[in-house]
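*Asks:* Model the structure of this input:
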Amino acid sequence: MYFFIFLICLSLGIVSGVFYDFLYVIRAIVCGVNKNSYTLKDKIFIAFCDVLYFVALAISFIFLSLVFNFYTLRFYMILGCAIGALLYFKSFHLCIAFFIKMVYNKINKVKLKQK
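*Replies:* Down below sits the predicted model:
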């Protein structure tokens with residue numbers, strides 16, 4: 001039973017990485033990808049996205065805890081979520097971030113040529 005719960009938490013961590021990438025794309029559209037040019041409005045928006053990510057992760061964790069009847073919080077459950085998110089961020093997220101940066105740079109080149 002513990003291994004099953006660990007796998008569910010690992011999967012939740014991976015799904016949370018997908019949600020984080022969705023928010024990352026929105027942040028790139030709204031704020032850009034150049035961290036040196038962020039304004040106060042951009043930093044507030046980024047903080048809002050981060051809080052939204054953690055709230056969504058907490059709600060998802062509580063929902064899965066109720067659905068699969070694991071009512072007590074154990075260390076391996078948090079570890080499963082963290083390892084799942086880490087696996088996602090060290091693999092697929094790098095591809096998404098590279099793609100977003102490439103598209104953003106091409107759009108900026110087109111804008112500069114139009115001016």
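*Asks:* Show the model's pLDDT score for Ser37.
*Replies:* Ser37 is assigned a pLDDT of 84 by the prediction.
*Asks:* Run through the helices of the protein in chain order.
*Replies:* Assigned by DSSP state H, the helices in the chain fall at 2-31, 40-67, 75-89, 92-114.
*Asks:* Tyr38 is in contact with Ile46, isn't it?
*Replies:* Yes. If you go by Cβ atoms under 8 Å, Tyr38 and Ile46 touch, sitting 7.4 Å apart. C-beta here means a position set from N, CA and C on the backbone, and glycine is covered the same way.
*Asks:* So for these two, which residue has more residues nearby?
*Replies:* Taking other Cβ atoms under 10 Å, Tyr38 and Ile46 do not tie; Ile46 has more neighbours (17 against 14).
*Asks:* Return the distance of Phe75 relative to Tyr24.
*Replies:* 28 Å (Cβ to Cβ, to the nearest Å).
*Asks:* Please say which of the two ends up with more neighbours.
*Replies:* Taking other Cβ under 10 Å, Phe75 and Tyr24 do not tie; Tyr24 has more neighbours (19 against 7).
*Asks:* Can you tell me how far that one is from Tyr88?
*Replies:* From Tyr24 across to Tyr88, the span is 12 Å (Cβ to Cβ).
*Asks:* intersection of neighbour lists for Tyr38 and Ile46?
*Replies:* By Cβ atoms under 8 Å, 6 or more residues apart in numbering, Tyr38 and Ile46 have these common neighbours: Cys31.
*Asks:* Provide a list of residues in contact with Leu79.
*Replies:* Neighbour list for Leu79: Phe6, Cys9 [criterion: Cβ under 8 Å, 6+ apart].
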